[in-house]
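Q: What follows is a predicted structure for the sequence shown.
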Amino acid sequence: MRGYVEMFRLGKTYDTHRGPVVIVEEFDLNLAKGEYVALLGHSGCGKSTVLTMVAGLNPITTGGVVIDGREIDGPGPDRGVVFQSPCLMPWMTALDNVMLGVNQVYSRSSKRDRIDLASYYLNLVGLGGSLNKRAKDLSQGMQQRVGIARAFALRPKMLLLDEPFGMLDSLTRMELQEILLEILMRDKVTTVMVTHDVDEALFMSDRVVMMTNGPRARVGAIFSLPFERPRQRADVLDHPEYYEYRGKMIQFLEEQDHKKLQAEANARQRVKQSTPAETEPTAASV
Ligand SMILES: Nc1ncnc2c1ncn2[C@@H]1O[C@H](COP(=O)(O)OP(=O)(O)OP(=O)(O)O)[C@@H](O)[C@H]1O
């Protein structure tokens, strides 16, 4: 199946002091236009590596990524990225932080139009009353709202979210999840979100892609979720299949855990077998 976004045989090898290590291998995934996919897997399996390769921020070792028919070869305004921490310019206002990208991408538009665009998205994330507050004076949740507005204001083809709510308290996290879904209902941006949170993946996504443990991580399983949009949290939680999908995802992660422990035990066994047996010192050798 061809997709609006195609990741084909995506692979990443990092050079380490112990030599090259293949972290991600043969990662294949296609997304339809407007689809929301969550990437879930154990810590260190390579989720952020996949995301940053798609963002063009991390050189691809093998394979490639095609977005709307064009193969990417670096970062670009067609992809909006939101990390766990929004990295704003602390001395600049919320509006100016969003304007930074807007000015670059829409340099031919009038200043008024650019301000309107940035203000529109800041309003949508609930910061209409804080446009002129400096980033350093905003709470962590408000800063992350600026980060989300900044990504949407570029009108990207694709949104890449790396644990975007990971540093927020659970109430703020839930509120921002809902705001993000509301904006996505309007803008229909194709989205990949890295998360550790099974419930977040279930609430937000159309499909959840489970990654196997690294090294050589790849797509291990894909769950297409039956929850309708627009979504209300209570409806999703009450859906008769919610706990079935949740259970399958947790089972997948537990199986990966088990495989990891088994691989570690095998490695220890190999080291033990290859180490010469210790000998008792003799009188002559002391
Ligand atoms: N620049 C690098 N050089 C060498 N190894 C790296 C580099 N970046 C990441 N790695 C390693 O690649 C593996 C995958 O890292 P990555 O951050 O993609 O995993 P992750 O699944 O996103 O982890 P987490 O869930 O903990 O954020 C890890 O073992 C990490 O140590």
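A: Great, that's in hand. Numbers count the residues shown, from 1 in each chain.
Q: which bits of this protein sit near the ligand?
A: 14, 16, 23, 41, 43, 44, 45, 46, 47, 48, 49, 214 (C-beta under 6 Å from any ligand atom). Every C-beta, even on glycine, is put in place using the N, C-alpha and C of the backbone.
Q: Show me what residue 24 is bridged to.
A: Following DSSP bridges, residue 24 is listed with bridge partners residue 12, residue 217.
Q: Now do the contacts for it.
A: Residue 24 is in contact with 10, 11, 12, 46, 49, 50, 53, 214, 216, 217, 218, counting by C-beta atoms under 8 Å, 6 or more residues apart in numbering.
Q: from those, which single one is nearest residue 95?
A: Nearest to residue 95 among these is residue 53, at 31.7 Å by C-beta to C-beta.
Q: Of the residues of the chain next to the ligand, which belong to helices?
A: Residues of the residues of the chain next to the ligand located in helices (DSSP state H): 47, 48, 49.
Q: Of those, keep whichever come out buried.
A: When these are checked for burial by 16 or more other C-beta atoms under 10 Å, the buried set is 47, 48, 49.
Q: pLDDT for these - can I get that in a markdown table?
A: A markdown table is the format used below for these (pLDDT from 0 to 100):
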| residue | pLDDT |
| --- | --- |
| 47 | 97 |
| 48 | 96 |
| 49 | 97 |
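Q: Which one of those is nearest to residue 194?
A: Of all these, residue 47 has the smallest distance to residue 194: 4.3 Å, by C-beta to C-beta.
Q: sec struct for the nearest residue to the closest one once chain neighbours are set aside, please.
A: Nearest residue to residue 47 in three dimensions, chain neighbours excluded: residue 194, at 4.3 Å (C-beta to C-beta, 6 or more residues apart in numbering). Following DSSP: H, G, I helix; E, B strand; the rest coil, residue 194 is assigned to strand.
Q: Would you mind confirming that residue 194 is in contact with residue 161?
A: Yes: if you go by C-beta atoms under 8 Å, residue 194 and residue 161 touch, sitting 6.8 Å apart.
Q: got a pLDDT number for residue 40?
A: pLDDT, residue 40: 97.
Q: which residues touch it?
A: 47, 195, 196, 198, 201, 208, 209, 210, 211, 249, 253.
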